[in-house]
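Colleague: Pasting the sequence and the predicted coordinates here, then a few questions.
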Amino acid sequence: MAVIEVSRLHKEYGPKVAVDDVSFTVEAGEIFGILGPNGAGKTTTVESVVGLRKPDRGQISVLGLDPQRDHDELRELVGVQLQDGQLPDKLRVREALGLYASFYRHPADAGELIARLGLGDRRDTPFSKLSGGQKQRLSVALALIGTPKVAVLDELTTGLDPAARREVWGLISEIRGTGVTILLVTHFMEEAERLCDRVAVIDDGRVIATDTPSGLASRAGGEQYIRFRASAPLDEALLARLPEVSEVRRDGAQFTVTGNSEALQAVITVLVHKGIIAEHLRVDQANLDDAFVALTGRDRPAAGGRPDDARRG
Amino acid sequence: MSVSSLLPVRGPAVRQLTLTEFKLLLRTPAALLWGVAFPVAGWIVIGLIPGTGKPVKAFGYASVQQTYLPIIIAFALIMSGVQFLPATLVSYRERGILRRMFTTPVTPLALLGAQLAIILGAQVVTTALIAILGVGAFSASIGQPLAFIIAFLLLAAAASTVGLLVSAVSFTSKAAAAIGGVLFFVLIFFAGLWLPRPEMPGWLRGISNATPGGAGVQAIQDAVAGHWASGLYFGVLAAWVIGGGALAIRFFRWE
């Protein structure tokens, strides 16, 4: 059953088109990612889904309700964590959850939620004294305190260090088991890859692809990147002529071979035949990053553009 | 975010919001110090200085205590309304707290209401302390208590309305602190902190009459002296509440 249906959503701010034409469907119980670079229209899309913005055109249905018309009902059913949301510095964890619990008809048990989100030893800590990861976990807890059917989480891990990010990812994986449908907005490929069942890639206000993370990655060609150091001189033409190989780059004894899923076997066969050992051998699969580049023809969003390299290249 | 979506609010949420905002106020020492402790301490100092209960010719034969009682009260009300209220509201807006509340079943209007109630509570406590000390321990008197209460309520409302206006036009906490700070000094000057109204030249008192601090102090002053002030002063206060309130509603941003 579709929990969220967005069809031909369009939203402009003055002359700027924030969301051009966005459609997607989120099924019950799945973690659905909205992935794209900053300014792609992700936040405007979810703000329309939760009823904070009125779309100029298009239809949105959440749990069969219209976010504009049925705002009051929907607010009981949808928990939202907004980008850059903060709390008063001196508000304590337990107080924040107690307060938000009072907003809902059927709140979750605040103490239980605190324990489940790993904030048990922080229940009397004021907001300003929490670490970045703890603040985000509290923010997720506030989105879940009303026992929502749908949770919308916008830029959950932006600004967190890698350890805190993993901490929050672990939490989301746990929520998956509880049956809550999650709409997750991110510009981190790795985050979408880790957490999402399906992903809509948004660029310039349009959905350019909707698929599973591995489905998207395979659109990048299902390529492998084989990197190694040859123990003896090797003519790269020997590798380049293999049908499984699409590209060979050599930098001294360091080789980078790009090819299909059988390329590794073919390359190793050649090396064995020549009596050459592949030292420091590394094989990488195409991932969402590569898919993003393939889909948009642009640099990966999380790393940002590298204009200098592009110019030199 | 239509106005109708601002209205429905649940009882437990209102209680919890008010309780939470109260706790947060207790954890804000600066607000308690400047809004409550400092005015009360200042009043105690004035009361303890010998001779402040005797009539002074320059103050129209009112005593120093009778003259400063309304000014100290105005100080407390304007401090909490014009400085503390915008500081809190703008920081809530800056932190996305008001915006987040739009996604919950409780509207941010309830938070605003809780905030106004807490501030009024602090203003009532401060004013009561000052009045009880003045009448009980010192030689001040409040001749017309009903007029005193109405003047107090109108001045408190006018101060909070100015605070809402400051919140409406300030995009950042820093701007709110700067604008609120300057306005506080302007308003408390016209209320007569440095130059009590009886000593002001006519043209200055004319300006003072039109400010919430000046009109409020005069209304309280007359109540203290035992009579109702001219309706003009109550009118000025009401005009600030209604006009300022309309402007604040027009310009206030939730995000």
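Modeller: Perfect, thanks for sending it. Residues are numbered from 1 along each chain as shown, chains lettered A, B, ... in the order given.
Colleague: Name the residues of the stretch 51-200 of chain B found near chain A, please.
Modeller: For the stretch 51-200 of chain B, the residues in contact with chain A (Cβ under 8 Å from any Cβ of the partner chain) are B:91-92, B:94-97, B:99-100, B:102-106. For every residue, glycine as well, the C-beta is placed using N, CA and C.
Colleague: Next step: the residues you listed restricted to helices.
Modeller: Among these, the residues falling in helices (DSSP state H) are B:91-92, B:94, B:97, B:99-100, B:102.
Colleague: JSON lines please, covering those and showing neighbour count and pLDDT.
Modeller: Converted to JSON lines, these look like this (neighbours: other Cβ atoms under 10 Å in any protein chain shown; pLDDT from 0 to 100):
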{"residue": "B:91", "neighbour count": "18", "pLDDT": "95"}
{"residue": "B:92", "neighbour count": "24", "pLDDT": "94"}
{"residue": "B:94", "neighbour count": "18", "pLDDT": "93"}
{"residue": "B:97", "neighbour count": "20", "pLDDT": "94"}
{"residue": "B:99", "neighbour count": "22", "pLDDT": "91"}
{"residue": "B:100", "neighbour count": "23", "pLDDT": "92"}
{"residue": "B:102", "neighbour count": "21", "pLDDT": "91"}
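Colleague: ok, so of those residues, who is nearest residue A:81?
Modeller: Nearest to residue A:81 out of those is residue B:100 (Cβ to Cβ; 8.2 Å).
Colleague: my guess is that closest one meets residue A:82, correct?
Modeller: Yes. Residue B:100 is within contact range of residue A:82, at 5.6 Å (criterion: Cβ atoms under 8 Å).
Colleague: among the ones in helices among the residues of the stretch 51-200 of chain B next to chain A, which two are most distant?
Modeller: So, these by Cβ to Cβ: farthest apart are B:91 and B:102, at 17.3 Å.
Colleague: how about the strands in chain B?
Modeller: Assigned by DSSP state E, chain B shows strands spanning B:55-56, B:62-63.
Colleague: which other residues reach the first one?
Modeller: Just to be clear, that refers to strand B:55-56. Applying Cβ atoms under 8 Å, 6 or more residues apart in numbering or on different chains, the contact partners of strand B:55-56 are B:61-64, B:67.
Colleague: Check the last one too.
Modeller: Strand B:62-63 has contacts (Cβ under 8 Å, 6+ apart) with B:52-56, B:139-140, B:198, B:221, B:225.
Colleague: which ones among the residues you listed are found in helices?
Modeller: Those of those lying in helices (DSSP H): B:221, B:225.
Colleague: from the contacts of strand B:62-63, which would you call buried?
Modeller: B:52-53, B:56, B:140, B:198, B:221, B:225 (16 or more other Cβ atoms under 10 Å in any protein chain shown).
Colleague: need these in JSON lines with distance to residue B:148 and pLDDT, can you?
Modeller: Formatted as JSON lines, the buried ones among the contacts of strand B:62-63 follow (distance: Cβ to Cβ, whole Å; pLDDT from 0 to 100):
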{"residue": "B:52", "distance to residue B:148": "20", "pLDDT": "89"}
{"residue": "B:53", "distance to residue B:148": "18", "pLDDT": "87"}
{"residue": "B:56", "distance to residue B:148": "21", "pLDDT": "88"}
{"residue": "B:140", "distance to residue B:148": "11", "pLDDT": "87"}
{"residue": "B:198", "distance to residue B:148": "19", "pLDDT": "90"}
{"residue": "B:221", "distance to residue B:148": "10", "pLDDT": "93"}
{"residue": "B:225", "distance to residue B:148": "10", "pLDDT": "91"}
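Colleague: what would those look like in CSV with distance to residue A:2?
Modeller: Converted to CSV, those look like this (distance: Cβ to Cβ, whole Å):
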residue, distance to residue A:2
B:52, 76
B:53, 78
B:56, 80
B:140, 71
B:198, 75
B:221, 68
B:225, 73
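Colleague: So which residues make contact with stretch B:218-229?
Modeller: B:62, B:66-67, B:69-70, B:73-74, B:140-148, B:150-152, B:154-155, B:197, B:209, B:230, B:233-234, B:237.
Colleague: and with 6 Å instead?
Modeller: With Cβ atoms under 6 Å, 6 or more residues apart in numbering or on different chains as the test, stretch B:218-229 has contacts from B:66, B:69-70, B:142-144, B:147-148, B:151, B:233.
Colleague: for stretch A:193-207, same thing?
Modeller: So stretch A:193-207 is contacted by A:17, A:19-22, A:24, A:30-36, A:40-42, A:169, A:172, A:192, A:208-210, A:212-213, A:288, A:295-296 (Cβ under 6 Å, 6+ apart).
Colleague: Stretch A:38-54 too?
Modeller: A:11, A:18-19, A:22, A:34, A:36, A:55, A:60, A:67-68, A:71, A:78, A:80, A:152, A:154, A:185, A:202-203, A:205, B:103.
Colleague: Return the distance of the longest helix along chain B from the chain's centre.
Modeller: When chain B is scanned for its longest helix (criterion: DSSP H), the result is helix B:108-136. Mean-position distance between helix B:108-136 and its chain equals 9 Å (Cα atoms, centre = their mean, to the nearest Å).
Colleague: Name the residues of it that are buried.
Modeller: Going by 16+ other Cβ under 10 Å, helix B:108-136 has these buried residues: B:108-116, B:118-120, B:122-123, B:126-127, B:129-131, B:133-134.
Colleague: Show me which pair in the contacts of strand B:62-63 is furthest apart.
Modeller: B:139 and B:198 (18.7 Å).
Colleague: in chain B, which residue is closest to the centre?
Modeller: residue B:77 (2.6 Å; Cα atoms, centre = their mean).
Colleague: The closest residue to that residue other than its chain neighbours and chain A: what is the separation?
Modeller: Spatial nearest neighbour of residue B:77, chain neighbours left out: residue B:159 (4.6 Å); criterion: Cβ to Cβ, 6 or more residues apart in numbering or on different chains. According to Cβ to the nearest Cβ, to the nearest Å, residue B:159 stands 22 Å off from chain A.
Colleague: Quick check, pLDDT for residue B:159.
Modeller: Per-residue confidence at residue B:159 stands at 97 (pLDDT).
Colleague: Measure how buried it is and give me the count.
Modeller: 31 (other Cβ atoms under 10 Å in any protein chain shown).
Colleague: Now do the same contact list for it.
Modeller: Here residue B:159 is in contact with B:77-78, B:81-82 (Cβ under 6 Å, 6+ apart).
Colleague: Closest to residue A:108 out of these?
Modeller: Comparing those against residue A:108 with Cβ to Cβ places residue B:81 closest, at 37.6 Å.
Colleague: Surely the closest one and residue B:157 touch.
Modeller: No. Under the criterion of Cβ atoms under 6 Å, residue B:81 makes no contact with residue B:157, lying 8.5 Å away.
Colleague: Next, the closest residue to chain B within the stretch 151-300 of chain A: secondary structure please.
Modeller: Chain B sits closest to residue A:152 of the stretch 151-300 of chain A, with a gap of 8.1 Å, by Cβ to the nearest Cβ. Secondary structure for residue A:152, judged by DSSP: H, G, I helix; E, B strand; the rest coil, is strand.
Colleague: State the number of residues packed around the residue in the stretch 151-255 of chain B that chain A sits nearest to.
Modeller: Residue of the stretch 151-255 of chain B nearest chain A, by Cβ to the nearest Cβ: residue B:255 (8.4 Å). Residue B:255 has 13 neighbours, counted by other Cβ under 10 Å.
Colleague: residues contacting the most centrally placed residue in chain A?
Modeller: In chain A, the residue lying closest to the centroid (Cα atoms, centre = their mean) is residue A:192, at 2.7 Å. By Cβ under 6 Å, 6+ apart, the contact set of residue A:192 is A:33, A:35, A:186, A:199.
Colleague: could you measure the nearest residue to it once chain neighbours are set aside against residue A:137, distance?
Modeller: Leaving aside its sequence neighbours, residue A:192 sits nearest to residue A:33 (Cβ to Cβ, 6+ apart; 4.2 Å). Per Cβ to Cβ, to the nearest Å, residue A:33 is found 19 Å from residue A:137.
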